[in-house]
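Undergrad: fold the following and give me the result.
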Amino acid sequence: MITGGQMRAARALLGIDQMALAKLAGLSLPTIQRMEASRGHVRGTVESLTKVVAGLERAGIELISENTTSHSGGRGVRLRADTADGEKIN
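TA: Coordinates of the predicted model:
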């Protein structure tokens with residue numbers, strides 16, 4: 001599963017906007033916008049989620065699930081376990 005926050009962070013790491021991600025995934029801009037607006041895990045069809053993940057991976061993004069280790073050794077960003085998923089910090 002992927003979260004809206006992971007999608008936004010992945011785009012930031014790649015330096016692309018939502019339109020570029022839509023093209024990369026072969027989806028419409030409104031679909032990407034809805035997916036990124038999801039609180040917690042992204043809502044969408046399995047096909048759409050698969051396309052986004054595949055597009056991000058082709059672009060060089062490694063999505064790291066909770067409690068897993070990154071094996072590629074590249075740079076990355078991860079939320080600490082004590083940070084609520086999707087909750088804004090003031």
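Undergrad: for the longest helix along the chain, buried residues please.
TA: With residue count as the measure and DSSP state H as the assignment, the chain has helix 46-58 as its longest helix. Buried residues in helix 46-58, counted by 16 or more other C-beta atoms under 10 Å: 48, 49, 51, 52, 53, 55, 56. For the C-beta atoms, the positions are set from N, CA and C on the backbone; glycine is no exception.
Undergrad: would you mind giving those residues as CSV with distance to residue 23 and pLDDT added?
TA: Compiled in CSV, those are given as follows (distance: C-beta to C-beta, whole Å; pLDDT from 0 to 100):
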residue, distance to residue 23, pLDDT
48, 14, 95
49, 17, 94
51, 11, 96
52, 12, 96
53, 15, 93
55, 9, 95
56, 13, 93
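Undergrad: and which of those residues is nearest to residue 41?
TA: Using C-beta to C-beta, the shortest approach to residue 41 within the buried residues of helix 46-58 belongs to residue 49, at 9.3 Å.
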